[in-house]
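In: Using only what follows, build the 3D model:
(one chain, ligands or ions: 2)
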Amino acid sequence: MNNKKIESYGYTDFYKRQVEELTTSDRSLIPARVIEVHREQYKIATEFGEKTARLKGSLFYNGEFNNEYPVVGDFVLVQQNLYGEDVIYHVLKRKSKFSRIDSFNEIEQVIATNFDYVFVMTSLNHDFNIRRLERYLTIAWQSGAMPIIILTKIDLCKDYVIQKSQIEQIAAEVHIIAVSSYTGEGLDEVREYIKPFQTIVFLGSSGVGKSSLVNAIAGEEIMKVNSIREDDSKGRHTTTHRQLVMLGNGTMIIDTPGMRELGMWDVSEGLDTTFTDIEELSRNCKFADCNHENEPGCAVKKALANGDLTSERWKNYIKLKKEAKFAEWKESVGTRLKKKAHHKNIAKFQREYYKNKK
Ligand SMILES: Nc1nc2c(ncn2[C@@H]2O[C@H](COP(=O)(O)OP(=O)(O)OP(=O)(O)O)[C@@H](O)[C@H]2O)c(=O)[nH]1
Ligand SMILES: [Zn+2]
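Out: Ligands and ions are numbered 1, 2, ... in the order given. Got it, this is the predicted structure:
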């Protein structure tokens, strides 16, 4: 990934406009994309190649970055340093993101940002679990990017008519692609999304076949496939593990460890998109604030009774709603903590102000 225009990394007008609108815009700052995050050091891609970078110290200590620390996928503004590390001054607003709750600190932890497609992956063997898929789909919608459902390992099953119809019930508007990385079936359909300037993330359990799919599409080993480890292949597959990889044709793939343990943060927005049928049903209830319990004229109860809505789907909806509430609660805690941190900063500024006055 060397000496490419920043636009090749997906830097679009959405980000350019933000830079134009920055009042304190320092003309010497240049845009960069974060491709790896280490404890305090970042690897970034700029039009001058890959560099390492650090956060601007004073902004860092003043809490200026707050919950907006750069993560993989972010576009940032940096001050170039010809003799050492570049310095990150600013994180641009994200067009999509995945985050989870850091339950220890009760704050939102952003995992990956600025991707265009979420490949929601599930294999068709005994692991197939429509509820989990529903959950992933909800997270995917909520991220702000477009989900594509990928059914993997179709060479292992005779047919998948049942699974497909189950999926169509929960994801009417989502493109469903069935693939086998072994036989190559379905890969052309996946390639429709493997386009320059685009960034893709994968959502799916371990072993679902993410790495195999990437490698099959790229025609080379980009990601490590677990069971296949040739001891004599030292030096042959030298692709180091990166968190944002650019394929030969310019498509970017984000693969961070965090994606593997992605939990629920706030699913309430995504819920409505995944469960549009239920949202529509409830609009037909006699009472606008119907709880769908014992109210008369409840359209949801009616649909449950006549089989238009399965009780399984209903139960799952309730469950996710509860989790969404929980997530909202968590978020309010997060905001409170953020405010607290802000007050701390104000106090610090005050102290410094008076100190300087003396
Ligand atoms: N039969 C069959 N097996 C596959 C296919 N794709 C992957 N596998 C196998 O499934 C296992 C897991 O594949 P990976 O590509 O490493 O899966 P992953 O999702 O990247 O797994 P993690 O790295 O643990 O997240 C390996 O043994 C693969 O060989 C496929 O299309 N068909
Ligand atoms: Zn109702």
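
In: what about the residue positioned nearest the centre of the chain, which helix or strand?
Out: What sits nearest the mean C-alpha location of the chain, by C-alpha atoms, centre = their mean, is residue 98, with 3.3 Å. Applying DSSP states H and E as the criterion places residue 98 in strand 97-102.

In: Now residue 35, what are its backbone angles?
Out: When read as degrees, to the nearest 10, the backbone of residue 35 gives phi -110, psi -20.

In: Give me the pLDDT for it.
Out: Note for residue 35: predicted pLDDT of 95.

In: Next SSE downstream of the strand holding residue 98?
Out: strand 107-113.

In: Does anything pack onto that next one? Which helices or strands?
Out: With contacts taken as 3 or more C-beta pairs under 8 Å, 6 or more residues apart in numbering; DSSP states H and E, strand 107-113 sits against strand 97-102, helix 257-260, helix 311-357. Yep, even glycine has a C-beta here, placed from its N, CA and C like the rest.

In: and stretch 136-154, does that touch ligand 1?
Out: Yes. In terms of C-beta under 6 Å from any ligand atom, part of stretch 136-154 sits within range of ligand 1, namely 152-153.

In: and the stretch 51-200 of the chain, which residues reach ligand 1?
Out: Going by C-beta under 6 Å from any ligand atom, the residues of the stretch 51-200 of the chain near ligand 1 are 152-153, 155-156, 180-182.

In: What is the end-to-end distance of stretch 143-160?
Out: Start-to-end span of stretch 143-160 (C-alpha to C-alpha, to the nearest Å) is 28 Å.

In: before we move on, the earlier item: looking at the strand holding residue 98 now, give me its mean pLDDT.
Out: Rounded mean pLDDT across strand 97-102 is 78.

In: buried stuff in the host helix or strand of residue 135?
Out: Per DSSP H and E, residue 135 falls inside helix 130-143. By neighbour count with 16 or more other C-beta atoms under 10 Å, helix 130-143 contains the buried residues 130, 133-143.

In: swap in stretch 201-216?
Out: Buried residues in stretch 201-216 (16+ other C-beta under 10 Å): 201-204, 208-216.

In: got it, and stretch 11-22?
Out: Of the residues in stretch 11-22, those buried (16+ other C-beta under 10 Å) are 11, 15, 18-19.

In: and the stretch 251-358 of the chain, which residues reach ligand 2?
Out: 285, 290, 292, 298, 300 (C-beta under 5 Å from the ion).

In: how close does residue 312 get to ligand 1?
Out: 27 Å (C-beta to the nearest ligand atom, to the nearest Å).
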